[in-house]
Each structure stands twice: as structure tokens, then as C-alpha cells.
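J.: Have a look at this prediction, sequence included:
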Amino acid sequence: MTEKAVSRWFDILNVVFLSIFALLCILPFFHVFAMSTATVKDQMSGDFILWPRTWDFTSYIYIFDTGIFFQLFRNSVIVTVLGTALNMLLTTFTAFALSRHNFSGRRWIMLMIIFTMMFGGGLIPTYLVVKATGLINSLWAMMIPSAVSAFNVIIIREFFRSIDEGIIESAKIDGCSDWGVFWRIMMPLSTASLATFTLFYAVGNWNQYFSAVIYINKPTLWPLQVLLRQVVTVGQFDMFNLNDSDRPLPPAVSIQMATVILTALPIVALYPFLQKYFVKGVTLGAVKG
């Protein structure tokens, strides 16, 4: 068999394997969606996986009508947008400063940053700090304590160090300040890397619920992930006012599955727009050791 034929068969097998793998990843989501739209009869029969006999969107209508979903959705959007912006600003500022050779004390600061990756104060000291700063029952409690990731700072710092120093020196000769170097040189050249870590931060902010459970006691300030936890894991359906006798009650399973779909859909829709930056953005930061 010629080398060209071997390469062709490899490409075919690779496409088939990846297609099957992608299908296996998508099928569970479609099954959850099918369960959220199935009638009680179809759910009890259990003889369908992906296509119920009758499509019923009562659970979605019910969730939207109760109003609690949009209230918590707003909280999640605020935490995701503001939290991600704060994450990226602090991370890139720190990484840029530590990547400059003329910054004295950068080695000691890097050691302190690495130290935080190996040792932590624990939940109780962190809670006391959050309480002392007045962040209890505030959306900022889900953003400020986790504003900077030490791992991301190190990766982005290495990416900044991999940029040719001659470009920076040329910019300074032309009269560009450090601030101008950061915004006009570093940021445009780091689009792939920064887009990747923006997505990582956004997913982390959207999916966090533990901080909300610990620091926020008001259900109206919870993010969507806490609603998902209360409905799916705890079985707390009273958040949707299921005891209201004036409206029909959808099946409990349908409400659980619909909550899963509505909670995951916004962040999943973000992936296709930034997918092309994944591999390039993560690997570029590891050019230098």
C-alpha cells in the first residue's frame, strides 16, 4: 500500500472515530432534552431514548412563567460578564508585569504566587475574610475571592515572554510607554491565548455554585447553578411555586431536565465562537520554560 493510500485511510478512520466520539457526547444532551419534552406516559413507559411520541413543552413554559429563572439568569450573566472581565484584567496585568525583565522583585512575587498553588488557607479563613470585607450576600462574593488564577497567570506570563523582545524595544524607541506596549503590542499579539483563557474564566464563573451556597443566603441572589442543584439534586421544587393550584403542574422529571438544558445552553452556545483558539492559545504559552 502506498504512502498516499495509507494517509487517506488514516484520514477516513480518523474522521469516523471522531464523528462517533462526537455523537456519543451529543446523545446524552439530546436524551435530556427529550425527557424534558416527554409526557408522563412516555416517561413511565421508558421505551424511548431520543424521540418521545408526543412533544410537550409545558415544563419550559412553566419555568419561564414563574419568573425565578430569569431573575437567577440575570445573576449568572452579571457574575459571568463582570467576573470574567475582572479575571482577565488582573491576570493580564499581573502576567505582563512579571514578564518584564526590568521589573525588580518579580522572582519573589512569582514564588509567592506558586506558593498559593500548593497551600491554601481553607474554607473557614476564607469565609472570615469574605465576611470581614462585607461581601456576604453580595454577587461580588462570587467574583473577588477567585479573581486571579495563579496557574493562568503563569501560562500567560510565559506567553508574554515568548514574544520577541525586539518588537517591544522598537516600540519603546518610537516613544511607546509600558502602558502602550501592553495595549498596542501584547494584547493584539495575544488574541488566541487571551480568548482561550477568557472562555475558561467564563465557564468557571458560569458554573460556580459552591461560593453562592457558602456566601449568599438570599435565594434571589443565587446564580442558575444553585437553582440547578436545588431542583435536580435536592429536589426542592418549591422555588418554582409548584404548590400554586391555579396552574397545571408539569412532571417533576420534566422540570429537572428542562432546568438542566436551560442552565447549560447559554455557555455551550459560546464554545463554537472561540473553539478555534483552544489549541493555539493553550500551547503558545508554553514556548519558553
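T.: Received, thanks. Numbering: from 1, shown residues only.
J.: buried ones in the host helix or strand of Leu82?
T.: Per DSSP states H and E, Leu82 falls inside helix 68-99. Neighbour-count burial for helix 68-99, counted by 16 or more other CB atoms under 10 Å, picks out 68-69, 72-73, 75-76, 78-80, 83-84, 86-88, 91-92, 94-99. Every C-beta, even on glycine, is put in place using the N, C-alpha and C of the backbone.
J.: next one: stretch 261-270
T.: Applying 16+ other CB under 10 Å to stretch 261-270 flags 261-264, 267 as buried.
J.: Output it as CSV, restricted to C-alpha atoms.
T.: Provided in CSV are the C-alpha atoms of stretch 261-270 (Å, rounded to 0.1, in the frame of the first residue of the first chain):
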residue,chain,number,x,y,z
ILE,A,261,-31.0,22.3,29.4
LEU,A,262,-31.7,25.9,30.2
THR,A,263,-28.7,26.1,32.5
ALA,A,264,-26.2,24.6,30.2
LEU,A,265,-27.4,26.0,26.9
PRO,A,266,-26.0,29.6,27.2
ILE,A,267,-22.4,28.6,27.9
VAL,A,268,-22.5,25.8,25.4
ALA,A,269,-23.5,28.2,22.7
LEU,A,270,-20.4,30.2,23.4
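J.: gap between it and the chain center?
T.: Here stretch 261-270 is found 10 Å from its chain centre; the criterion is CA atoms, centre = their mean, to the nearest Å.
J.: What mean pLDDT does it get?
T.: The average of the pLDDT scores along stretch 261-270 is 84.
J.: and what of stretch 178-191?
T.: pLDDT averaged over stretch 178-191 gives 84.
J.: Over to it now: how far is its first residue from its last?
T.: 19 Å (CA to CA, to the nearest Å).
J.: For it, buried residues please.
T.: Judged by neighbour count using 16+ other CB under 10 Å, the buried positions of stretch 178-191 are 178, 181-182, 185-186, 189-190.
J.: cool, stretch 17-37 as well?
T.: 33-37.
J.: how far out from the middle of the chain is it?
T.: Worked out by CA atoms, centre = their mean, stretch 17-37 lies 21 Å from the chain centre.
J.: got the contact list for it?
T.: With contact meaning CB atoms under 8 Å, 6 or more residues apart in numbering, stretch 17-37 is reached by 43, 48-52, 55-57, 59-60, 253-254, 257-258, 260-261, 264.
J.: Poorly predicted segments of the stretch 101-250 of the chain, please.
T.: 234-248 (pLDDT under 70).
J.: so where do the helices sit in it?
T.: Using DSSP state H, counting those that start in this stretch, the helices of the stretch 101-250 of the chain run over 106-118, 123-132, 150-162, 165-173, 178-181, 187-189, 191-207, 210-215, 224-228.
J.: what packs against the last one?
T.: It refers to helix 224-228. helix 68-99, helix 191-207, helix 210-215, helix 252-268 (3 or more CB pairs under 8 Å, 6 or more residues apart in numbering; DSSP states H and E).
J.: One more: the first one?
T.: Applying 3+ CB pairs under 8 Å, 6+ apart, one finds that helix 106-118 contacts helix 68-99, helix 150-162.
J.: Repeat that for the longest one.
T.: Taking 3+ CB pairs under 8 Å, 6+ apart as the contact definition, the neighbouring helices and strands of helix 191-207 are helix 68-99, helix 150-162, helix 224-228, helix 252-268, helix 271-274, helix 278-284.
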